[in-house]
Structures are given as C-alpha cells and as structure tokens.
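S.K.: After the sequence you'll find the predicted model.
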Amino acid sequence: MQRSLTVLLILILTLPLAWAKINPVEQGFQAFQQQQWTEAFEYWVPEADKGNARAQFYISILLEEGFGVDQDEESALTLLILSAEGGFAPAQFRLGTHYQFGRLVEQDMRQAIGWWLQ
C-alpha cells in the first residue's frame, strides 16, 4: 500500500514535466526562444499538418522571416491564413496587420479591421 501511494505521488508530481516533454508545439516554442529555428520547424511541421493553428502560425513566421528555412512568403501567408481561420488570435491580429500595411497581401483596411475584430 505504501509503495502504491509513493508511485502515485511520483506520477502526479512528474506529470507536468512529462506533458512539456511530449507536447511538440511547446517543445518547438522552447527551441524558437533559443533561436534554434530548424529544430523548432521540425517540431511544428507534423502538428501544422494535423491542423494545429498555433503550429501553423509559428511556421508562418519562420517562413516569412527566413529563420532556419528558405524564405517563402507565399507559404507563410497560406499558413497564416489557415491559422487565423482556425481561430488562433495572434494569427488573426498578425493577418490584420498585414492587411493594414499591405505586407504579403494587397492593402485593405476593411480586411484588417475584420481580422482584428475576430
């Protein structure tokens, strides 16, 4: 009985650490913060392919800026739109800003405001 409680307590205390280790989007974000762009990209691609809006957003930044990957503005815009349409608020804001300034898209204040109000 004592051993079972000890094992259960260890599992409960280490579960948050295990989650961080198995969550590829979070692992990619940690790599991104350390400017390990290629590693971040490798964590995020499978998640973006599954429709993860957060991963799509992060990859769009790498592609737009050329961080660790060849710069590809068309793909960056595609992923940014997918992420924004997926409801990821930072993507909606960034897409609105792109419309405001005409970055990657034709300048359109109505579109900008529409994305900011989402």
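M.R.: Arrived safely.

S.K.: For the rest of this, base every contact and every neighbour count on C-alpha atoms.
M.R.: Noted.

S.K.: Now do the helices in the protein.
M.R.: 2-22, 24-33, 37-49, 53-65, 73-85, 89-101, 109-116 (DSSP state H).

S.K.: Which neighbouring elements make contact with the fifth one?
M.R.: What that stands for is helix 73-85. helix 53-65, helix 89-101 (3 or more Cα pairs under 8 Å, 6 or more residues apart in numbering; DSSP states H and E).

S.K.: between these, which one is nearest to residue 109?
M.R.: helix 89-101 (5.4 Å; Cα to Cα).

S.K.: Give me the buried stretch members for the closest one, please.
M.R.: For helix 89-101, the neighbour count (16 or more other Cα atoms under 10 Å) marks 89-100 as buried.

S.K.: now the residues you listed in a markdown table, with distance to residue 71 and pLDDT?
M.R.: Converted to a markdown table, the buried residues of helix 89-101 look like this (distance: Cα to Cα, whole Å; pLDDT from 0 to 100):
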| residue | distance to residue 71 | pLDDT |
| --- | --- | --- |
| 89 | 24 | 98 |
| 90 | 21 | 98 |
| 91 | 18 | 98 |
| 92 | 21 | 98 |
| 93 | 21 | 98 |
| 94 | 18 | 98 |
| 95 | 18 | 98 |
| 96 | 21 | 98 |
| 97 | 20 | 98 |
| 98 | 17 | 98 |
| 99 | 20 | 98 |
| 100 | 22 | 98 |
